[in-house]
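**Q** Provide a 3D model corresponding to the input given below.
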Amino acid sequence: MWLSTCRSPPLLDSSGADVRLRTPQPLPSQPWRAGRQPHGPTGTPAGAWGVAPAAARIVTAPEVRFAVRLTPRAGADSIDGVVEGVLRARVSAPAIEGAANQALLRLLATELGVSRSSVRLVAGAAGRQKLVVIDGLEPDEVLARWPELAV
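**A** Numbering: from 1, shown residues only. Sure, this is the predicted structure:
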């Protein structure tokens with residue numbers, strides 16, 4: 001019958017009620033969607049203490065970023081030095097499913113004496129030229145190791 005009126009078919013739930021007439025209900029984990037504002041520990045609205053919200057007060061740790069030219073499937077994992085401001089590295093892992101990238105990050109972490117979790121690959125996952133970020137390290141510390149590196 002609904003075909004003759006050129007309207008879409010009614011959207012009915014299991015009880016036979018039209019679901020388009022319902023009002024959306026807020027999720028229980030997000031009370032502010034129901035019109036209530038999240039409150040601080042004293043019952044005052046968040047941000048009413050004269051302090052900026054946490055997102056506006058981000059304190060960044062020192063970090064250094066530099067370019068690396070990676071050669072996969074080499075004989076051994078090693079750093080070949082710096083050529084034209086770019087660090088040259090070789091890893092024995094193949095460039096399959098990110099194995100060479102992970103080997104590079106482990107190599108840089110051990111060379112610089114930082115944890116593996118503080119070394120990130122931010123660009124160049126599929127190419128030889130990569131951009132690496134080391135968290136918690138000042139540029140001077142990296143330049144002490146490789147003076148010609150462009151950071």
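
**Q** who are the packing partners of the top strand by length along the chain?
**A** In the chain, ranked by residue count with DSSP state E as the criterion, the top strand is strand 63-71. With contacts taken as 3 or more Cβ pairs under 8 Å, 6 or more residues apart in numbering; DSSP states H and E, strand 63-71 sits against strand 86-90, helix 99-112, strand 129-135, helix 139-145. Using the backbone N, CA and C atoms, a C-beta is placed for each residue, glycine as well.

**Q** quick one: average pLDDT of the last one?
**A** Averaged across helix 139-145, the pLDDT comes to 88.

**Q** which outside residues touch that helix?
**A** Applying Cβ atoms under 8 Å, 6 or more residues apart in numbering, the contact partners of helix 139-145 are 64, 66, 111-112, 134, 149, 151.

**Q** one more time with 10 Å, if that's ok
**A** Helix 139-145 is contacted from outside by 62-66, 79, 82, 87, 108, 111-114, 134, 138, 149-151, using Cβ atoms under 10 Å, 6 or more residues apart in numbering.

**Q** the longest strand of the chain versus helix 99-112: what angle between them?
**A** Computed by axes from the mean of the first three to the mean of the last three Cα atoms, to 10 degrees, the angle separating strand 63-71 from helix 99-112 equals 130 degrees.

**Q** may I see the buried residues of strand 63-71?
**A** With burial defined by 16 or more other Cβ atoms under 10 Å, the residues of strand 63-71 counted as buried are 64, 66-70.
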